[in-house]
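J.: Kindly return the folded structure for what I paste below:
(one chain, ligands or ions: 1)
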Amino acid sequence: MTNGTILLVEDEEKLRQLLKRIITLEGFRILECDTLKAARQLLHTESIDVVLSDIMLPDGNGIDLVTYLREKQLPGEIILLTAYGNIADSVRAIKNGAFDYLTKGNDNARIIPLLHRALEKVQLQNRVAHLQTKISNNYASFDALLGTSAVIREAKELAMKAAPSDAAVLLLGETGSGKEMFAQAIHHASHRAGKDFLAINCSAIGKDILESEIFGYKAGAFTGAVKNKKGLIEEAHQGTLFLDEIGEMPLDLQAKLLRVLETSEFIKVGDTRVTKVDIRIIAATNRKLEQEIEQGRFREDLYYRLNVFTIELPALRERSEDIPLFAEHYLQLFANKTNKPVFSMSREFIEHLKLHEWRGNIRELKNIMERAVIICTGNTLTMEALPLEFKLHKSPVKQKAGTFDLAVIEKLHIQWVMDYVNGNKSKAARLLNIGLSTLYRKMEEYKMVL
Ligand SMILES: Nc1ncnc2c1ncn2[C@@H]1O[C@H](COP(=O)(O)OP(=O)(O)OP(=O)(O)O)[C@@H](O)[C@H]1O
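T.: Take a look at the predicted model:
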């Protein structure tokens, strides 16, 4: 186990020097100060494992440091030094979350074993936090990318070839077609897999915030910039940065990004010095970038830099043979999640999924399947579990009318809506967006069964 850093907070000079000697001899790194204020500052600027603090300090009570550490969610443990016989303070300290306490002058032999125990706890907590991040960073891999259609296989093969290189990748595709999932799979299959994959959507935020988020800023760069802030480019050092909706990035930020791609350097907002980084950029868009270039909204030089590997992800409607596979996958997923015994889908249900336009692509299919599993009352998903617009494919108006006569079409449509709501006129009127009395009048007019 490596020896950690101890912060010693004690205003009695002699005692501080004595403790410092004992602790340093044990091989710990030691920082010292004599006030609460100085201790708080050091807790923010230094990486401290254990604080050994006197309770009575010139500017306050050492127990407040325990609360401060927890409130600010700073890592580390605190051991307090109490005066002989001051049991009340010691109990209060432990109740507030201190690791333990030592009685001044009496407990010198306990100091080192206690510091080791506190340090062990801190190191264990750090390991747990590290493992938790590793679990949450469980990015999608190529195996998790479903689809057997030729178009998706081609896209996957190209992405697999691009993955081990450090080249930029441009992913093109409609919303929900899997661009971010592909970006994660590329990161996962690259030598950067053990490092961060960070993502930002360039269309979701205004220009100034986007610039600060991506490139970071120096303290004092603008009002409110009290501390230096690392941008995502720096946070993703040695990892991958995924820039979604790159087509929405303002032109001056495009110029800064181009510089990163060309020289691995950038300048933070308000800084004068360049910062060097080692990152891979994966960008995505659902816009036609050539058109954006023609209209002066996208830099041509950046386009060619990003275009080293361009991977087009097909819309779901262009690979409808994959739809049953996705539907089956999400059926299992949501049946397990909701603990419902739903095992299969009717033929009609699958046929209607295949007919749908899927403007929201796989994301939309996923949501439709979740909804279907939730409202399903039996073991099989049937048409009943689909929203109204899916049944429109069956509308007689589309399929049978064969006429321009408005009255005929209106009658067919009312009949169809009535069938859909099992004859419930109030529901039918609501769906038709007309009053109940108008519905009655029209049904009478068309001699429909009331
Ligand atoms: N090939 C795939 N296999 C399994 N699930 C997929 C696949 N592609 C996408 N998904 C799922 O579809 C949903 C949308 O995917 P993703 O967020 O990657 O799309 P996107 O193209 O980045 O969307 P947007 O442009 O709106 O950000 C996610 O829940 C993802 O898990």
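
J.: low pLDDT regions in the stretch 101-250 of the chain?
T.: 129-139, 226 (pLDDT under 70).

J.: That one: helices as residue ranges?
T.: 108-136, 150-162, 179-188, 207-215, 232-235 (DSSP state H, counting those that start in this stretch).

J.: Turn these into JSON lines, columns for distance to the ligand and mean neighbour count.
T.: From N, CA and C alone the C-beta is placed, and that goes for glycine too. What follows is these, written out as JSON lines (distance: least, CB to the nearest ligand atom, whole Å; neighbours: other CB atoms under 10 Å):
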{"stretch": "helix 108-136", "distance to the ligand": "15", "mean neighbour count": "13"}
{"stretch": "helix 150-162", "distance to the ligand": "7", "mean neighbour count": "16"}
{"stretch": "helix 179-188", "distance to the ligand": "3", "mean neighbour count": "24"}
{"stretch": "helix 207-215", "distance to the ligand": "16", "mean neighbour count": "18"}
{"stretch": "helix 232-235", "distance to the ligand": "16", "mean neighbour count": "20"}
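
J.: distance of Ile87 from the ligand?
T.: Ile87 sits at a distance of 57 Å from the ligand (criterion: CB to the nearest ligand atom, to the nearest Å).

J.: where does Leu8 land in three-state SS?
T.: What DSSP: H, G, I helix; E, B strand; the rest coil gives for Leu8 is strand.

J.: got CSV for the helices of the stretch 101-250 of the chain, with distance to Asn201 too?
T.: What follows is the helices of the stretch 101-250 of the chain, written out as CSV (distance: least, CB to CB, whole Å):
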stretch, distance to Asn201
helix 108-136, 19
helix 150-162, 20
helix 179-188, 9
helix 207-215, 9
helix 232-235, 12
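
J.: Can you name the residue of the stretch 51-200 of the chain nearest the ligand?
T.: Taking CB to the nearest ligand atom, the ligand has its nearest neighbour within the stretch 51-200 of the chain at Gly178, 2.6 Å off.

J.: What about that residue, how many residues nearby?
T.: Look at Gly178: counted by other CB atoms under 10 Å, it has 24 neighbours.

J.: That one reaches Leu145, doesn't it?
T.: Yes - here Gly178 lies in contact with Leu145, judged by CB atoms under 8 Å, at a distance of 6.9 Å.

J.: Quick check: residues of this protein near the ligand?
T.: Contact residues (CB under 6 Å from any ligand atom) of the chain with the ligand: 145-147, 173, 175-181, 244, 286, 362-363, 366.

J.: Now a ChimeraX select for only the buried ones of the residues you listed.
T.: In ChimeraX, this line selects whichever of the residues of the chain next to the ligand come out buried by 16 or more other CB atoms under 10 Å:
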select :145,147,173,176,177,178,179,180,181,244,286,362,366
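
J.: Which of the helices of the stretch 101-250 of the chain sits closest to Gly62?
T.: With CB to CB as the criterion, Gly62 lies closest to helix 108-136 of the helices of the stretch 101-250 of the chain, at 15.1 Å.

J.: Show me what that closest one packs onto, helices and strands only.
T.: With contacts taken as 3 or more CB pairs under 8 Å, 6 or more residues apart in numbering; DSSP states H and E, helix 108-136 sits against helix 13-25, strand 50-54, strand 77-82, strand 100-103.

J.: again, only this time at 10 Å
T.: Where contact means 3 or more CB pairs under 10 Å, 6 or more residues apart in numbering; DSSP states H and E, helix 108-136 is packed against strand 5-9, helix 13-25, strand 50-54, strand 77-82, strand 100-103.

J.: for the residue of the stretch 201-350 of the chain found nearest the ligand, what are its contacts?
T.: In the stretch 201-350 of the chain, the residue that lies nearest the ligand is Asp244 (5.2 Å; CB to the nearest ligand atom). Asp244 makes contact with 171, 175, 179-180, 183, 199-204, 282-286, according to CB atoms under 10 Å, 6 or more residues apart in numbering.

J.: Relative to Phe99, how far out is it?
T.: 44 Å (CB to CB, to the nearest Å).

J.: again, but for Asp252
T.: Relative to Phe99, Asp252 is positioned 51 Å away (CB to CB).

J.: Show me which residues of stretch 44-59 are buried.
T.: The neighbour-count check on stretch 44-59 (16+ other CB under 10 Å) flags 48-57 as buried.

J.: re the thing from before, shared neighbours, Gly178 and Leu145?
T.: Contact criterion CB under 10 Å, 6+ apart; residues shared by Gly178 and Leu145: 152, 155, 184-185.

J.: Report the two of those separated the most.
T.: Distance extremes for the shared contacts of Gly178 and Leu145: the farthest pair is Ile152 and Gln184 at 15.8 Å, using CB to CB.

J.: What is the end-to-end distance of stretch 174-183?
T.: With CA to CA, to the nearest Å as the measure, stretch 174-183 spans 15 Å from end to end.

J.: How far off centre is it?
T.: 14 Å (CA atoms, centre = their mean, to the nearest Å).

J.: how much space between the residue nearest to Glu245 when sequence neighbours are not counted and Ile375?
T.: In this structure, Glu245 finds its nearest non-sequential neighbour in Ser203, 4.0 Å apart by CB to CB, 6 or more residues apart in numbering. To Ile375, Ser203 is 33 Å away according to CB to CB.

J.: ditto for Arg363
T.: On the measure of CB to CB, Arg363 and Ile375 end up 19 Å apart.

J.: And the residue most central in space within the chain, how close does it get to Lys425?
T.: For the chain, the residue nearest the mean C-alpha position is Ala199 (7.7 Å; CA atoms, centre = their mean). Ala199 sits 50 Å away from Lys425, going by CB to CB.

J.: Look at Gln332 and give its secondary structure.
T.: Under three-state DSSP, Gln332 falls in the helix class.

J.: Is it in contact with Val342, as I believe?
T.: Yes - using CB atoms under 10 Å, Gln332 makes contact with Val342 at a distance of 9.2 Å.

J.: list residues touching both of those two?
T.: By CB under 10 Å, 6+ apart, Gln332 and Val342 have these common neighbours: Val373.

J.: Checking my notes, Ile311 in a helix, right?
T.: No - going by three-state DSSP, the assignment for Ile311 is strand, not a helix.

J.: so what's it bridging to?
T.: Leu171 (DSSP bridges).

J.: What are the buried residues along stretch 263-278?
T.: Buried residues in stretch 263-278, defined by neighbour count with 16+ other CB under 10 Å: 266, 268-269, 271, 275, 277.

J.: okay but Val91 is in contact with Tyr101, surely?
T.: Yes - checked against CB under 10 Å, the pair Val91 and Tyr101 is within contact range at 8.9 Å.

J.: Common neighbours of these two, please.
T.: Joint contacts of Val91 and Tyr101 (CB under 10 Å, 6+ apart) are Thr82.
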